[in-house]
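Novice: Kindly generate the corresponding structure for this input.
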Amino acid sequence: MFSAKVRDKLQWYVYAYIDPRTGKAFYIGQGKGNRAFDHLVDKTDCEKVRIIQELHAAGTKPIISILRHGLSQDEAKLVESVCIDFAELENLTNGVKGKYSKYFGRASVDELIRRYDAPPADVTERCIAINISQTYRPGMTDREIYECTRGVWPLGSDKNHADYALAVYQGVILEVYAIIGWFSAGSVFSERRFEPSGRYEFVGNVAHELSEKYKGKSLPNLFSSGKRFPIRYLNIKGGV
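Specialist: Numbers count the residues shown, from 1 in each chain. Okay, the predicted model is just below:
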């Protein structure tokens with residue numbers, strides 16, 4: 001544990017838990033005081049705790065490395081986010097990415113050009129726009145984008161009036177699908193696991209003509225109203 005003198009010098013800091021067997025970080029966090037040691041006595045059911053307990057059973061313990069210190073709280077959150085992005089979330093036991101990752105996190109040059117230089121789309125068809133920012137990650141295959149767009153959503157009857165579904169990420173249209181039909185979640189094959197109760201998923205195909213028309217164009221203000229619900233209806237009277 002850190003003494004009061006050390007805690008005073010450290011202020012806010014960013015730390016990593018490293019597996020001594022591999023030399024690789026399995027958790028990155030931020031905090032102040034003795035926050036870096038709290039995980040050693042954590043009893044929650046999660047992958048991070050499982051690794052720590054596994055190390056203890058083997059007669060060793062994780063290496064705790066302080067990555068940056070002397071920070072303000074906001075600086076620590078930003079550094080934590082950058083470290084998680086660089087290490088890649090899939091390689092860590094962190095449940096979520098750090099602060100600002102959703103909008104300013106790791107991205108390719110092409111993705112940033114597409115996001116900030118995309119021309120606006122003037123959508124005239126009856127569409128359901130689906131914000132997949134929570135599940136999309138760079139490098140996804142076409143099939144993976146389709147899977148995270150088509151379901152599963154808590155929707156009402158307005159969904160039945162939509163002819164097309166727009167996959168939207170960071171305000172940019174990634175793909176357009178012609179909707180064949182909506183089904184209760186779990187009633188058709190899916191590559192994803194989810195809680196089906198009261199939710200729906202669509203089955204469809206890429207609408208090639210509309211894909212050429214809208215793909216890569218932006219709907220910059222569609223999901224910026226502060227509402228978290230990831231669904232918007234376009235050209236459907238009464239839709240959200």
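
Novice: Only C-alpha atoms from now on, for both contacts and neighbour counts.
Specialist: Will do.

Novice: remind me, longest helix of this structure?
Specialist: Longest among the helix segments of the chain by residue count, using DSSP state H, is helix 73-87.

Novice: How far does that one sit from its chain's centre?
Specialist: 15 Å (CA atoms, centre = their mean, to the nearest Å).

Novice: Going by length in residues, pull out the top strand of the protein.
Specialist: Looking across the chain with DSSP state E, the single longest strand is strand 172-184.

Novice: quick check, distance from stretch 41-54 to the centre of its chain.
Specialist: What separates the centre of stretch 41-54 from the centre of its chain is 23 Å, taken as CA atoms, centre = their mean.

Novice: Hmm, I typed the wrong one, I wanted stretch 35-45.
Specialist: Between the centre of stretch 35-45 and the centre of its chain there are 24 Å (CA atoms, centre = their mean).

Novice: Then stretch 66-76?
Specialist: Distance of stretch 66-76 from the chain centroid (CA atoms, centre = their mean) equals 23 Å.

Novice: Touching that stretch from outside, list them.
Specialist: Residues from elsewhere that reach stretch 66-76, judged by CA atoms under 8 Å, 6 or more residues apart in numbering: 9-16, 30-31, 79.

Novice: the domain parsing of the protein - what is it?
Specialist: Here the domain parsing of the chain from automatic domain parsing is 4-104, 114-234.

Novice: so where's the protein shaky on pLDDT?
Specialist: The chain contains residues with pLDDT under 70 at 89, 96-110, 112-113, 189-197, 225-227, 238-240.

Novice: Mean neighbour count for the domains of the chain - can I get that in JSON lines?
Specialist: Listed next are those as JSON lines, based on neighbours: other CA atoms under 10 Å:
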{"stretch": "domain 4-104", "mean neighbour count": "16"}
{"stretch": "domain 114-234", "mean neighbour count": "17"}
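
Novice: what's the spacing between the spatially most central residue of the chain and residue 67?
Specialist: Centroid check for the chain by CA atoms, centre = their mean gives residue 134 as the closest residue, at 3.8 Å. Remark: distance between residue 134 and residue 67 (CA to CA, to the nearest Å) = 27 Å.

Novice: Quick one: the strands in the protein, in order.
Specialist: Using DSSP E, strands in the chain cover 12-19, 24-31, 63-71, 127-131, 151-153, 164-169, 172-184, 200-206, 231-234.

Novice: what angle sits between the third one and helix 73-87?
Specialist: So that's strand 63-71. Orientation check (axes from the mean of the first three to the mean of the last three CA atoms, to 10 degrees): strand 63-71 against helix 73-87 gives 140 degrees.

Novice: just the first one next, same as before
Specialist: For strand 12-19 against helix 73-87, the angle by the same axes, to 10 degrees is 30 degrees.

Novice: Alpha carbons only: can I get strand 12-19 in CSV?
Specialist: C-alpha atoms of strand 12-19 as CSV (Å, rounded to 0.1, in the frame of the first residue of the first chain):
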residue,chain,number,x,y,z
TRP,A,12,-4.3,10.8,-9.8
TYR,A,13,-2.6,8.0,-11.8
VAL,A,14,-3.1,5.3,-14.4
TYR,A,15,-2.0,1.8,-13.6
ALA,A,16,-1.8,-1.6,-15.3
TYR,A,17,-2.1,-5.2,-13.9
ILE,A,18,0.5,-7.4,-15.6
ASP,A,19,0.5,-11.2,-15.7
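
Novice: Summarise which helices and strands that strand is packed against.
Specialist: The elements that strand 12-19 packs onto, with contact taken as 3 or more CA pairs under 8 Å, 6 or more residues apart in numbering; DSSP states H and E, are strand 24-31, strand 63-71, helix 73-87.

Novice: In TSV: these, plus distance to residue 207.
Specialist: Formatted as TSV, the helices and strands packed on strand 12-19 follow (distance: least, CA to CA, whole Å):
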stretch	distance to residue 207
strand 24-31	41
strand 63-71	48
helix 73-87	33
